[in-house]
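>>> Would you be able to build a 3D model of this:
(2 chains)
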Amino acid sequence: DAGVIQSPRHEVTEMGQEVTLRCKPISGHDYLFWYRQTMMRGLELLIYFNNNVPIDDSGMPEDRFSAKMPNASFSTLKIQPSEPRDSAVYFCASSSIGLAGFSYNEQFFGPGTRLTVL
Amino acid sequence: DQQVKQNSPSLSVQEGRISILNCDYTNSMFDYFLWYKKYPAEGPTFLISISSIKDKNEDGRFTVFLNKSAKHLSLHIVPSQPGDSAVYFCAASQGGSEKLVFGKGTKLTVNP
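Numbers count the residues shown, from 1 in each chain, chains lettered A, B, ... in the order given. Take a look at the predicted model:
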């Protein structure tokens, strides 16, 4: 079984440009998470979805960031316009509540997208 | 304000010895704790977890200890192996929520 798939793996762009990061969760998982990792702030949760519906977007830094999940197998994180301080590694993760109704919070992470904004 | 703190950015240990990674939390509502391991250029992978109703959970060479009164947990790796060299993240959740709060991570280096 394929794990969480993210694309692109690396993205270099110039300040002011639009950036779109993509994620395909593990099939059958009903939760999807977007994280950002930086040296200063560590691993921060940006937003998460349950059954394609955004549940908590309190971690989204500002209006320049938006995320969508049009179906169970695809999500995007968009930054428009991008700024140098957005440079980070962005991870997507997915999880499943499981048959017992309790997921034990084990999230499966993708390999990440390293974003550099010049 | 960081709710989950890993105060040691790095730790270096000799192969075969014990590695102890520490984590403190401030939110007393956290009731489930996890450790993730991350290799360079890869995403974090789940390692071990513990519920607040327990004070210890063991899985092979990995043991997590929870001290609720001190709001402290630790991960013990015995014996440490060079392949354990990675960044270790502590994470916490509350009330069955799927939302995890992560620490900043501790980079473990196990020297042969």
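>>> got the CA positions of stretch B:53-66 in CSV?
These are the backbone C-alpha positions of stretch B:53-66, laid out as CSV (Å, rounded to 0.1, in the frame of the first residue of the first chain):
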residue,chain,number,x,y,z
ILE,B,53,-4.2,6.1,32.7
LYS,B,54,-0.8,4.4,32.6
ASP,B,55,2.6,5.4,33.7
LYS,B,56,4.7,3.1,31.5
ASN,B,57,4.4,1.5,28.1
GLU,B,58,7.1,-0.7,26.6
ASP,B,59,7.7,-1.9,23.1
GLY,B,60,10.9,-3.8,22.5
ARG,B,61,13.8,-1.5,23.1
PHE,B,62,11.5,1.5,23.6
THR,B,63,9.8,2.5,26.8
VAL,B,64,7.8,5.6,27.5
PHE,B,65,7.3,6.8,31.1
LEU,B,66,4.6,9.3,32.1
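>>> is it anywhere near chain A?
No - counting by Cβ under 8 Å from any Cβ of the partner chain, chain A has no neighbours in stretch B:53-66; the shortest distance is 11.7 Å. Every residue, glycine included, has its C-beta placed from N, CA and C.
>>> Buried residues in that stretch, which are they?
In terms of neighbour count (16 or more other Cβ atoms under 10 Å in any protein chain shown), stretch B:53-66 has its buried residues at B:62-66.
>>> Let me know the secondary structure of the spatially most central residue of chain A.
For chain A, the residue sitting closest to the mean C-alpha position, by Cα atoms, centre = their mean, is A:Trp34 at 2.6 Å. Put simply, A:Trp34 is strand when judged by DSSP: H, G, I helix; E, B strand; the rest coil.
>>> What distance do you get for it to B:Gln81?
Plainly put, A:Trp34 is 33 Å away from B:Gln81 if you go by Cβ to Cβ, to the nearest Å.
>>> If anything else comes up later, I'll come back, but that's it for now.
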